[in-house]
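In: generate a structure from the sequence data that follows.
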Amino acid sequence: MTQIKPHGGKLINRTLTEQKRKKIIEQASEYQSVPISPDLMKDVENIASGLFSPLEGFNCREDFDSILYNKRLSNGLPWTLPIVLDTDNNGIKEGDEVLLKNNDHLVAVVHVEEKFGYDKRAYAEQVFGTNDAAHPGVAKTYSMKDKLLGGKISLVNESQTPYYKYAMKPAETRNLFKEKGWEKVVGFQTRNVAHLGHEYLQKSALTMVDGLFINPVIGKKKKGDFRDEVILESYEVLIDNYYPKDRVVLGIFQTEMRYAGPREAIFHAIVRKNYGCTHFIIGRDHAGVGSYYHPYAAQEIFKEFPDIGIEPMFFMSFFHCNKCGGITNDKVCPHNDRIDFSGTKMRQMIESGKRPPADSMRPEVADVILKSGNPFVE
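Out: Okay, the predicted model is just below:
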């Protein structure tokens, strides 16, 4: 059985040996340190585990500029989102080794190769397609510090997660898929609970491959998105009740949502390739926010990346057609007598304590959401 190669050809490992780890901890007081957020801490761990292969650390200037303007690393490999470390510490110089800390938690060492300034407006316009500060990704970019540190990282301590049983590293998912005998694996990205449209989409993809990897983003989201624990519990009951047991794996991707639309779709595909997926589902408005992106912009961008090395599966919007008597989509249904799966409408019902109808959401999923009290990020 052959398995898809990681992006760039090999799975990166930037975790220190126990001996080197102890030495860093013992000498920690001798190093300068940079505070990092919980989300950046997770991305340091994602670099260390190989999930962001071929990255070995934070982007240096040449890669940073190439990502912004070419959507590729300087060696030509597809890569669409900068992974950067911002700082206002003027004492850090190129060649230094600097500790990364989240509060008192010592996360990693960064071997500083470059320290450079950047244009935040250009960053925002290239990555998010807008400089409007109402866009959450643009707002975050404008709040970043003025200098970036580029260089390889070495992970010292991994953080704890309450969702540890789903927090698999790419080496682990690859082994799991191999054990299951899955040669073709389709990945599904989500930041929402599942309605029947999502379920139909996943099962449609599953008919063409050996296994389905449901891979929700666990991390910082915008106000009004579903909370992590609600997303996971809703998928647990859905899989238990409506999916074949030997064909589905639920695992989490611990990172923040960037809301970068089409660029984030490419990034999400690369990450799933590193997990061992051969295919990746791209639906309507992937990683979008508001009306900043065309509903199918995330599908169109794949034309720029014939060399990405993972097969995208494109799906239109699904809906319930009363005349067909079931869930379908525009490709196969000619009728207008339809009920769209409106996330907004379902959200409004949930907020008022009402159960979404059975032709929109499985009752078990609705129960999970309603019993949670407040299922949304505040």
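
In: packing partners for the one helix or strand in the chain whose mean pLDDT sits lowest?
Out: The weakest-scoring helix or strand in the chain, judged by mean pLDDT, DSSP states H and E, is helix 343-351 (a mean of 81). Under the contact criterion of 3 or more CB pairs under 8 Å, 6 or more residues apart in numbering; DSSP states H and E, helix 343-351 touches helix 363-371. C-betas here are computed from N, CA, C, even on glycine.

In: quick check on residue 114: phi, psi?
Out: phi -140, psi 150 (degrees, to the nearest 10).

In: partners of it in the sheet?
Out: residue 150 (DSSP bridges).

In: next one: it from residue 92, what distance?
Out: Per CB to CB, to the nearest Å, residue 114 is found 11 Å from residue 92.

In: between these two, what contacts are shared?
Out: residue 149 (CB atoms under 8 Å, 6 or more residues apart in numbering).

In: ok, and what's touching the one helix or strand residue 125 maps to?
Out: Using DSSP states H and E, residue 125 falls within helix 120-128. For helix 120-128, the surrounding residues in contact (CB under 8 Å, 6+ apart) are 68-69, 80-82, 130-131, 135, 137-138, 141-142, 144, 258-261, 263, 292.

In: report the buried members of these.
Out: Buried subset of the contacts of helix 120-128 (neighbour count, 16 or more other CB atoms under 10 Å): 68, 80-82, 130, 135, 137-138, 141, 144, 258-261, 263, 292.

In: so of these, which ones are in helices?
Out: Using DSSP state H, the members of these that fall within helices are 68, 137-138, 141, 263.

In: buried sites along stretch 277-284?
Out: 277-284.

In: show me which pair in the residues you listed is furthest apart.
Out: Taking CB to CB as the measure, these span a maximum distance of 22.4 Å, between 278 and 284.

In: rewinding a little: ok, the buried residues of stretch 277-284 vs residue 365, which is closest?
Out: residue 283 (17.9 Å).

In: for residue 234, state which of the ones in helices among the buried ones among the contacts of helix 120-128 is nearest.
Out: Of those, the one sitting nearest to residue 234 (CB to CB) turns out to be residue 137, at 25.8 Å.

In: hmm, back to that, and the angle from the least confident helix or strand of the chain to helix 363-371?
Out: 60 degrees (axes from the mean of the first three to the mean of the last three CA atoms, to 10 degrees).

In: quick one: contacts for residue 343?
Out: 192, 195.

In: and residue 374, how far is that from residue 257?
Out: Counting by CB to CB, the gap from residue 374 to residue 257 is 19 Å.

In: cool, residue 177 as well?
Out: Counting by CB to CB, the gap from residue 177 to residue 257 is 25 Å.

In: more neighbours: these two, which one.
Out: More neighbours surround residue 177 than the other of residue 177 and residue 257, with 24 against 18 (other CB atoms under 10 Å).

In: the more buried one touches residue 187, doesn't it?
Out: No: between residue 177 and residue 187 there is no contact under CB atoms under 8 Å: 10.7 Å.

In: who touches both of the two?
Out: Going by CB under 8 Å, 6+ apart, residues that sit against residue 177 and also against residue 187 are residue 213.

In: just for the stretch 201-350 of the chain, where's the confidence low?
Out: Within the stretch 201-350 of the chain, no range satisfies pLDDT under 70.

In: and what about residue 107, helix, strand or coil?
Out: strand (DSSP: H, G, I helix; E, B strand; the rest coil).

In: helix, strand or coil for the closest residue to it other than its chain neighbours?
Out: Once flanking residues are discounted, residue 107 sits nearest to residue 100: 4.6 Å by CB to CB, 6 or more residues apart in numbering. Here residue 100 is recorded as strand under three-state DSSP.
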